[in-house]
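Enquirer: The sequence and its predicted three-dimensional model are supplied below.
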Amino acid sequence: MTVPELRNSSQTLSDGAFERIQNAIVKGDIAPGTRLSEQYLSTTFGIGRGPLREAIRRLEGRRLVVRIPHAGIRVASLSYEELIELYYVREALEGMACRLAAQNMSADEIAGMREVLAMHENHSGLKHNESYYQQEGDLDIHYLIIQGSKNSTLSDMLCGDLYHLLRMYRYRYSATPKRPKQAFAEHHRIIEAIADGDGELAELLMRRHISASRRNIERRLLAQSNDGTTPGEMTL
């Protein structure tokens, strides 16, 4: 096997490990704050140390794992205060993104968002009003709106390092009773406001949408605190 072939093979293994570990973190199979050992990850995901270390480096780049001196590698974890602060920032910035998207998105881009929304509607979790989780990038309505704002500063802030960390918490709190269909309906109204070119309404609807999500998280965390079910740190 030639050197380029070896490099491509290693990269393929690294890509596979990266995607599988990222999905496990985002979906909560590996909880926030969990200490990760290379031995555990290597055994669980069936991959050698070299590709695994490259995958971990990429996860660090996405801020999904952090390397702590004398404590090893842990899945990133936001405190209650940090998470709520982040949602307040999202409310302001994604509201602005909606206003700009109403001015700047093309008819084709809006049609693409409607197609994604139609695909979401067919998810079994949403049909049963149990969960509403969106995949990343072009399958995420929030991502599409931010990109549609045509504002590179907003895109860098909202779709950069914090995007995947935020996805972890969005997934974690997507299964609140009655919230999935409500969130879907809110997305539908936001898209229609953008399609109508009504930036003021689109911004208002997005701010209300994210504010509702924040209040949901606050209620969930308060309930967990009261019944003592907040998960502690784990080591894998």
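Expert: Okay, I see it.

Enquirer: May I see the buried residues of stretch 100-111?
Expert: Leu100, Ala101, Ala102, Met105, Glu109, Ile110 (16 or more other C-beta atoms under 10 Å). Yep, even glycine has a C-beta here, placed from its N, CA and C like the rest.

Enquirer: Using CSV, list the CA coordinates for it.
Expert: This file holds the C-alpha atoms of stretch 100-111, laid out as CSV (Å, rounded to 0.1, in the frame of the first residue of the first chain):
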residue,chain,number,x,y,z
LEU,A,100,-31.6,39.8,7.8
ALA,A,101,-32.8,36.5,6.3
ALA,A,102,-36.1,38.1,5.5
GLN,A,103,-34.2,40.7,3.5
ASN,A,104,-31.6,38.4,1.9
MET,A,105,-32.8,34.9,1.4
SER,A,106,-33.7,33.9,-2.2
ALA,A,107,-36.9,32.1,-3.2
ASP,A,108,-34.9,28.9,-3.7
GLU,A,109,-33.3,29.1,-0.3
ILE,A,110,-36.8,29.6,1.3
ALA,A,111,-38.1,26.6,-0.7
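
Enquirer: model confidence over it, on average?
Expert: Averaged across stretch 100-111, the pLDDT comes to 97.

Enquirer: Show residues contacting that stretch.
Expert: 144-146, 148-151, 154, 191, 193-199, 202 (C-beta atoms under 8 Å, 6 or more residues apart in numbering).

Enquirer: In helices, which of the residues you listed fall?
Expert: Leu144, Ile145, Ile146, Gly148, Leu154, Ile191, Ala193, Ile194, Ala195, Gly199, Ala202 (DSSP state H).

Enquirer: Ramachandran angles for Val66?
Expert: Val66 adopts backbone torsions of phi -130, psi 150, taken as degrees, to the nearest 10.

Enquirer: The one 10 residues further on too?
Expert: Note on Ala76: its backbone torsions stand at phi -60, psi 150 [degrees, to the nearest 10].

Enquirer: which ones are touching it?
Expert: Neighbours of Ala76 in contact, by C-beta under 8 Å, 6+ apart: Pro32, Arg63, Leu64, Val65, Val66, Leu165, Met168.

Enquirer: now it: how far from Leu36?
Expert: 11 Å (C-beta to C-beta, to the nearest Å).

Enquirer: Give me the subset of the contacts of Ala76 that lies in helices.
Expert: Counting by DSSP H, the contacts of Ala76 contribute Leu165, Met168 to helices.
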